[in-house]
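[1] Predicted model, plus sequence, below.
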Amino acid sequence: MSNLTLNSLLVYSPNDEKGFYTEFSDSLNIVHGRNTSGKSTLIQSVIYAMGINDSKENLNDINNSGVFFRLDCDIKGHKEHCSLVFIRSDDTLVLKKGGEPPIRFDGINSNNSFEYGRYKNIFSKLIGFDLVLQKQSELISAPLEAALLPYYISQSVGWVYIRESIGDFRFYKDFKFDFLDYYCGIESSHERINKYNLEKEKKELGFELKQLNSYEDKNEELKVSKLLDERFKGEAEKYLESYQGLNKDLSGKEAEHTKLCNKLSMLRGRQKVLTQIIANIKNQKPKIDQCPTCNQSLPGDLKEFYLYSQDVNDALKEKDNVREQIKKTAAKLNSVENTISELRIKIGDDYSVLRHLKVT
């Protein structure tokens, strides 16, 4: 795995105009203080900014104020050394690596969401985290929380029951051995995957062999051949119709994808405009601020205070409305992208001959 060094953390609420900022040293950082002084909140804010949802419930009071978290880091791998910035507000996270364009993720509050899965894949590749664990009868990528072990343990559990900490690792077979092997540098993931695949293939071949032996014992070869002949009579026409139907569905989904991309771009642009409008309104408080044109103090009677408050509330309400539209549009866009991917895979797998012949 790559080395990730924390540089600074900023937590700020534009609505309350309050914030917290701290910097970290390159070596050892000691967080100390009395009970309820915020030690755990600081650590939980760091991992929350990195996209880990384990501490989300513990930060409800902070998140209710509409805050955003910014975590600045340096990442050092085998071949590169660059800056890494995390910016998170509720279920939206922006990740920026060095001079590359930022990547945005909408809807990561749920570990089962498509956006969280996309973020997990990108972040895991970025830090070189490739631990795989066995769950039931298959090997899957380890939860992102495992990348923080042993550097962070859930405060409510502690080290005694490490498998019940942030990732709830009780459901993974041999987690303790696989985890320790991985962090001690014992590269066994590839061999475990090969072993599992071979065992699975052996089981499938054994089942097929058992079926064939059963057919042979019962002398049912002719019956099977007859069933196959009847099944594929006249299937060519249905095959072509199915291919044309899938192509039509794919074209429709691609057109829908374009419309959703345009809508999402428009909504994000509107969100930026509303953020600037809110900032401008807040800088024009009656009887306190000055007119940006003539530099005279703004009127401060009751009516002006009422209109000022109404403008702020209307702008914040519209911003929240746009934010919800962004979430819904992003979720729909992810669903359409999944459907397009599935259609392309199905057409490629089942109708490769027709595509090669350019049949429409």
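    Yes, it's here.
[2] and the nearest residue to I108 once chain neighbours are set aside, how far is that from I62?
    Nearest in space to I108, with sequence neighbours left out and distances taken as CB to CB, 6 or more residues apart in numbering, is Y116 at 4.4 Å. Backbone N, C-alpha and C define where each C-beta goes, glycine included. Separation of Y116 from I62 (CB to CB, to the nearest Å) stands at 20 Å.
[3] These two: which is more packed in?
    Y116 (20 against 17; other CB atoms under 10 Å).
[4] How confident was the prediction at that one?
    On pLDDT, Y116 comes in at 91.
[5] Now do the strand or helix carrying it: everything it contacts.
    Assigned by DSSP states H and E, Y116 falls within helix 114-127. Residues outside helix 114-127 that contact it (CB atoms under 8 Å, 6 or more residues apart in numbering) are 1-2, 4, 50-51, 53, 75, 77, 84, 93, 95, 97, 103, 105-110, 129-130, 141, 144, 147, 330-331, 334-335, 338.
[6] Of the residues you listed, just the buried ones, ChimeraX syntax please.
    To isolate the buried members of the contacts of helix 114-127 in ChimeraX, using 16 or more other CB atoms under 10 Å:
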select :4,50,51,53,75,84,93,95,97,105,106,107,108,129,144,147,330,334
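[7] Of the contacts of helix 114-127, which belong to strands?
    4, 75, 84, 93, 95, 97, 103, 105-106, 141 (DSSP state E).
[8] give me phi/psi at D174?
    phi 60, psi 30 (degrees, to the nearest 10).
[9] That one and Q134 touch, don't they?
    Yes. Using CB atoms under 8 Å, D174 makes contact with Q134 at a distance of 6.5 Å.
[10] Which residues are in contact with K346?
    Contacts of K346 (CB under 8 Å, 6+ apart): L246.
[11] which element is it on?
    helix 302-350.
[12] I'd like to know the average pLDDT value across stretch 212-231.
    Stretch 212-231 comes out at a mean pLDDT of 59.
[13] Quick one: neighbours of the closest residue to D90 other than its chain neighbours, just the number.
    In space, and not counting its chain neighbours, D90 is closest to N63: 6.2 Å by CB to CB, 6+ apart. For N63, the count of nearby residues is 19 (other CB under 10 Å).
[14] Q276 now?
    Q276: 9 neighbours (other CB under 10 Å).
[15] next one: A279
    Neighbours of A279 using other CB under 10 Å come to 11.
[16] for I47, same thing?
    Counted with other CB under 10 Å, I47 comes out at 19.
[17] Could you do D314 as well?
    13.
[18] what's the answer for S89, then?
    16.
[19] and it, what does it touch?
    66-69.
[20] Tell me both backbone torsions, phi and psi, for it.
    phi -140, psi 110.
[21] Could you report the pLDDT at it?
    91.
[22] packing partners for the helix or strand K263 falls within?
    Using DSSP H and E, K263 maps to helix 235-282. Where contact means 3 or more CB pairs under 8 Å, 6 or more residues apart in numbering; DSSP states H and E, helix 235-282 is packed against helix 302-350.
[23] For the stretch 251-360 of the chain, give me the ranges with low pLDDT.
    287, 289-296, 298, 300, 353-360 (pLDDT under 70).
[24] run the last query once more with 80
    283-306, 308, 350-360 (pLDDT under 80).
[25] Setting the sequence-adjacent residues aside, check what's closest to K173.
    Q134 (4.4 Å).
[26] Can you list the buried residues in the strand or helix carrying the one you found?
    Element membership for Q134 (DSSP H and E) is strand 132-135. Under the neighbour-count criterion of 16+ other CB under 10 Å, strand 132-135 has 132-134 buried.
[27] closest to P14 among those?
    The closest of the buried residues of strand 132-135 to P14 turns out to be L133 (CB to CB; 40.2 Å).
[28] show me what contacts the closest one?
    Counted by CB under 8 Å, 6+ apart, L133 has contacts 139-142, 146, 169, 172-173, 175, 178.
[29] dump the residue contacts of C73.
    So C73 contacts 4-7, 83-86 (CB under 8 Å, 6+ apart).
[30] Of the residues you listed, which count as buried by neighbour count?
    Buried among these (16+ other CB under 10 Å): 4, 6, 84-86.
[31] Among those, which one sits closest to E199?
    Distances from E199 to the buried ones among the contacts of C73, taken by CB to CB, are shortest for L4, at 35.9 Å.
[32] what is that closest one paired to in the beta sheet?
    I75 (DSSP bridges).
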